[in-house]
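everything below, folded, please.
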Amino acid sequence: MIHKARVIIAMALLVSSKGVAFLIPWTFKHIVDAFDGGSPEQLLMIPLGFVLLYGGLRFGSVFLGELRDAVFSRVTESAMRKVGLEVFAHLHQLELDFHLSRQTGGISRDIDRGTNGINFMMRFMVFNILPTILELIGVMLILLLAFDVWFSAVTLVCVVVYVVFSIKTTEWRTRFVKEANRLDSKSSTRAVDSLLNYETVKYFNNEAFEAEQYNVNLQAWEQARVDNRLSLALLNSGQALIIGLGVTCLMYLAAKGVADGSMTIGDLVMVNLYLLQLFVPLSALGFIYREIRRALSDIENMFGLLKRQSTVQDKTDAPIINVQHAAIEFEQVDFSYQNQRQILKKLSFSVAPGEKVAIVGPSGSGKSTIGRLLFRFYDISVGAIRIDGQDLRDVQQLSLRQAIGVVPQDTVLFNDTIWNNVAYGCTDASDEAIWKAIDMASLRTFVESIPEGVQTIVGERGLKVSGGEKQRIAIARVLLKNPSILLFDEATSALDSESERSILKALAQISANKTTIVIAHRLSTIVDADRILVIDDGKLVEQGSHQELLTHGGHYARLWQMQQTSNA
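So this is what the prediction gives:
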């Protein structure tokens with residue numbers, strides 16, 4: 001309702017500003033005519049009054065325009081904020097597969113351009129295109145009523161030719177603009193990707209290679225921008241020629257009228273001012289048309305993100321999951337990321353309430369996939385996954401994920417303080433609860449040993465802290481969340497032996513009454529598991545306790561022997 005009132009006020013100010021602007025040439029005409037053959041009294045009084053009026057009108061036109069922008073700015077900024085927020089929130093709703101294959105730099109540019117496109121469309125459509133149309137109609141009516149019909153005819157022809165030329169030339173130029181934008185996104189994506197993988201670049205001494213790759217993209221972008229500039233010069237020159245010819249024709253008609261006595265010198269000046277007043281906004285038509293095309297394209301790209309639907313959707317009126325015992329069941333589960341390669345094959349197992357189950361197996365056997373499916377990053381194609389008898393596809397995703405705490409192998413932290421990264425596990429947790437989580441993750445000794453303590457900034461993706469410290473922060477974060485089900489995916493892989501023992505002891509304490517799944521590569525970390533599942537090629541090949549599996553002498557016994565030999 002407030003925005004509607006602002007739009008109405010802005011439109012009223014727009015009309016008032018244009019009305020005032022129409023009076024400026026008329027006022028100037030009377031100033032000139034007063035000096036053309038007037039009496040001494042007129043030369044003193046009349047021009048002075050019109051000069052004051054002229055100055056007041058000039059100020060009023062600018063002031064009303066600025067006031068209009070100030071009133072309307074809240075509308076445009078609010079629209080940009082709401083759309084940007086909607087896209088940002090929607091991106092978080094998309095499935096994991098989208099984010100694994102996305103190009104972060106390109107998406108960021110799409111959002112920036114889209115919101116800027118909305119701003120441009122709202123401002124220029126309302127405050128440039130519409131006023132220019134009103135101004136054209138007004139000028140033509142004034143010229144038609146005050147002077148010969150040829151003035152209006154010449155003005156109309158000039159404007160039509162100008163508009164057609166601008167649109168056609170801008171259409172031709174659009175390919176250069178699109179190419180420049182494409183290469184801009186490409187170079188930005190390459191730069192962001194390279195900087196995010198700073199460590200990898202350093203490991204292989206590829207700084208010069210990365211700079212060269214970036215330079216190749218920049219050179220292509222540079223050439224596209226040069227082509228864009230040259231085509232813009234052609235557009236501007238053609239527009240200037242059309243305006244020059246039009247003004248010349250109208251000035252000839254006005255000068256002829258002054259010569260034969262049908263027009264005054266003031267009339268000639270007024271015609272010139274009206275033409276200048278009309279062609280000043282028109283001179284930007286090519287730019288405006290091109291920007292409108294680009295804005296529409298940018299808005300379309302951004303809304304394309306909004307139109308993209310997640311492949312993992314909640315059912316209509318899906319209930320919140322009711323986790324009382326946290327029993328987990330996989331029943332005849334088939335799953336594949338691509339149709340060509342199946343990851344899980346008729347996989348069935350169950351985890352009893354409060355049981356600690358470890359999942360082991362060679363690389364590529366599907367261990368981490370089990371964790372992703374339990375968190376419902378993907379939907380399975382065949383079979384069922386249940387928690388307390390509830391199929392994960394039948395309940396709300398948010399409630400499901402609230403019930404599960406995950407510590408992944410590759411922990412990525414926010415570029416924020418240690419405290420805020422831990423507090424992320426429960427954003428409304430008390431300081432006491434956060435410190436308790438820090439203590440349980442064996443993190444206090446570390447934070448007390450550094451100058452800024454828990455207020456230490458961990459850096460982009462946590463690069464300022466060691467792998468073990470990152471992992472302890474991640475563990476503290478999930479402890480603070482306090483979920484019913486715990487999932488550890490190689491959670492201690494980056495820790496030294498002493499820290500690992502300390503954290504495993506803490507994990508054993510906190511998981512005593514929770515259903516826990518541990519995906520492990522180092523078998524020494526899961527010898528205390530109630531049950532160990534051995535996965536190979538997407539199938540459950542054996543299960544049992546550590547001692548039972550060693551006695552059996554199968555897959556697990558061979559893996560254990562290999563690791564013991566390599567650690568010897």
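
which helix or strand contains the closest residue to H546 other than its chain neighbours?
Of all residues not flanking H546 in the chain, V527 sits nearest, at 4.5 Å (C-beta to C-beta, 6 or more residues apart in numbering). C-beta coordinates here come from the backbone N, C-alpha and C atoms, glycine included. In the assignment (DSSP states H and E), V527 maps to no helix and no strand.

V527 and I8, how far apart?
Look at V527 and I8: by C-beta to C-beta, to the nearest Å, they are 74 Å apart.

quick one, domains of this protein?
2-307, 318-403+486-568, 411-482 (automatic domain parsing).

take the ones you listed and write them to TSV, including mean neighbour count and mean pLDDT.
Formatted as TSV, those follow (neighbours: other C-beta atoms under 10 Å; pLDDT from 0 to 100):
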stretch	mean neighbour count	mean pLDDT
domain 2-307	16	75
domain 318-403+486-568	17	84
domain 411-482	18	83
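
what are the ranges of the strands in the protein?
328-335, 344-351, 356-360, 382-387, 390-391, 404-407, 485-489, 515-519, 531-536, 539-544 (DSSP state E).

dump these into TSV; add distance to L85 as well.
TSV is the format used below for the strands of the chain (distance: least, C-beta to C-beta, whole Å):
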stretch	distance to L85
strand 328-335	34
strand 344-351	37
strand 356-360	39
strand 382-387	32
strand 390-391	32
strand 404-407	26
strand 485-489	31
strand 515-519	35
strand 531-536	42
strand 539-544	45
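
out of these, the one nearest A89 is which?
strand 404-407 (21.5 Å; C-beta to C-beta).

name every strand pairing with the closest one and say which way it goes.
strand 485-489 (parallel) (DSSP bridges).

any chance you could list what contacts the strand it pairs with?
By C-beta atoms under 8 Å, 6 or more residues apart in numbering, the residues outside strand 485-489 that reach it are 323, 326, 328, 367-368, 371, 374-375, 387, 403-409, 478, 507, 510-511, 514-520.

how far does it sit from its chain's centre?
Centre-to-centre, strand 485-489 and its host chain are 31 Å apart (C-alpha atoms, centre = their mean, to the nearest Å).

that one to strand 344-351, inter-axis angle?
Interaxial angle, strand 485-489 versus strand 344-351 (axes from the mean of the first three to the mean of the last three C-alpha atoms, to 10 degrees): 130 degrees.

quick one: T411 and K470 touch, right?
Yes - counting by C-beta atoms under 8 Å, K470 is a contact partner of T411 at 4.8 Å.

ok, back up a step: and K436, which of the strands of the chain is closest to it?
Closest among the strands of the chain, using C-beta to C-beta: strand 404-407, at 15.1 Å.

can you tell me how far the closest residue to L156 other than its chain neighbours is from V157?
Take L156 and drop its neighbours on the chain: the residue closest to it by C-beta to C-beta, 6+ apart is M140, 6.3 Å away. Counting by C-beta to C-beta, the gap from M140 to V157 is 11 Å.

just E469 next, same as before
E469 is 75 Å from V157, where distance means C-beta to C-beta.

same question, V201
In terms of C-beta to C-beta, V201 sits 61 Å off from V157.

again with I142
From I142 to V157 the distance is 17 Å (C-beta to C-beta).

can you check L143 too?
Counting by C-beta to C-beta - L143 and V157 are separated by 13 Å.

correct me, but T170 touches R294?
No - using C-beta under 8 Å, T170 makes no contact with R294, being 10.1 Å away.

now for the two: what residues contact both?
Common neighbours of T170 and R294, using C-beta under 8 Å, 6+ apart, do not exist here.

that older thread, among the strands of the chain, which is nearest H90?
strand 404-407 (22.7 Å).

list of residues touching that closest one?
371, 374-375, 425, 471, 474-475, 478-479, 481-489, 491.

which stretches in the stretch 301-450 of the chain count as helices?
367-374, 397-402, 418-423, 431-440, 444-449 (DSSP state H, counting those that start in this stretch).

let me fix that: the stretch 451-568 of the chain
So, for the stretch 451-568 of the chain - with DSSP H, counting those that start in this stretch - the helices run 467-481, 497-510, 546-552, 555-567.

just put the ones you listed in CSV and tack on distance to M270.
Shown next, in CSV, are those (distance: least, C-beta to C-beta, whole Å):
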stretch, distance to M270
helix 467-481, 73
helix 497-510, 85
helix 546-552, 98
helix 555-567, 94
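
V458: which of those is closest?
Nearest of the helices of the stretch 451-568 of the chain (C-beta to C-beta): helix 467-481, 7.3 Å.

now do the closest one against strand 485-489, angle only.
Using the same axes, to 10 degrees, helix 467-481 lies at 170 degrees relative to strand 485-489.

ok, T76 touching R123?
Yes - with contacts counted by C-beta under 8 Å, T76 reaches R123, the gap being 6.1 Å.

can you lay out the helices of the stretch 301-450 of the chain as CSV showing distance to Q561?
Converted to CSV, the helices of the stretch 301-450 of the chain look like this (distance: least, C-beta to C-beta, whole Å):
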stretch, distance to Q561
helix 367-374, 20
helix 397-402, 38
helix 418-423, 39
helix 431-440, 34
helix 444-449, 35
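
for T316, which of those helices is the nearest?
Shortest distance between T316 and the helices of the stretch 301-450 of the chain, using C-beta to C-beta, is found for helix 397-402: 13.7 Å.

chain center to that closest one, what's the gap?
Worked out by C-alpha atoms, centre = their mean, helix 397-402 lies 24 Å from the chain centre.

H552 and G56, how far apart?
Counting by C-beta to C-beta, the gap from H552 to G56 is 99 Å.

repeat for D431
63 Å.

what does S368 give?
74 Å.

same thing with T248?
32 Å.

could you do R386 as well?
Per C-beta to C-beta, R386 is found 78 Å from G56.

just the residues contacting stretch 549-559, thanks.
In this structure, residues lying in contact with stretch 549-559 by C-beta under 8 Å, 6+ apart are V360, G361, P362, L523, I532, V534, D536, V541, E542, Q543, G544, W560.
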